[in-house]
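Asks: any chance you could fold what I've pasted below:
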Amino acid sequence: MSLAETISPLIGRWLIAWFFLSEAYTRASSWSGTIEMMAAKHIPDAPPLFALALFGFTIVTTVVMHDYWKIANLAERATEYDLFARNMAIAGGLLLIVGMGAGPLAIDNRMDSGAKKKG
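Replies: Numbering: from 1, shown residues only. The predicted structure is shown next:
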């Protein structure tokens, strides 16, 4: 496994977590407990499922809040487009986590010594 494959998922998760924790703290303050509750209810793969929920939230919020295609003023339209594009990139990062996993340095992997749980 290359250095990029080892470090990139960790840094990517930190940056995505920073965004959600700083920008959406009031809406997401109880979401960390959501994964614990999902796990307590024996919902399989709670973190990827939760990342999918964040993905959906990001997509819907972006389309509703940054509808640049409705703005006539070019400067305002460009600003909204930048925000739209940024949020879509974040959604793509969340989808990558779902598809590729957290990476070998993820906290949830470190707590099991990197071993996958068997159900």
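Asks: quick one: A91 from I59, how far?
Replies: 5 Å (Cβ to Cβ, to the nearest Å). Bear in mind the C-beta positions are built from the backbone N, C-alpha and C, glycine included.
Asks: so which of these two has more stuff around it?
Replies: For A91 versus I59, neighbours defined as other Cβ atoms under 10 Å are more numerous around A91 (20 against 16).
Asks: L52 - how many residues pack around it?
Replies: There are 15 residues near L52, going by other Cβ under 10 Å.
Asks: list the residues that contact T34.
Replies: F50 (Cβ atoms under 8 Å, 6 or more residues apart in numbering).
Asks: what do you get if the cut-off is 6 Å, keeping everything else the same?
Replies: Counting by Cβ atoms under 6 Å, 6 or more residues apart in numbering, T34 makes contact with nothing.
Asks: give me the buried positions along the helix or strand where A75 lies.
Replies: In this assignment (DSSP states H and E), A75 forms part of helix 74-100. Residues 80, 84, 87, 90-91, 93-98 are the ones in helix 74-100 that count as buried (16 or more other Cβ atoms under 10 Å).
Asks: cheers, nothing more for now.
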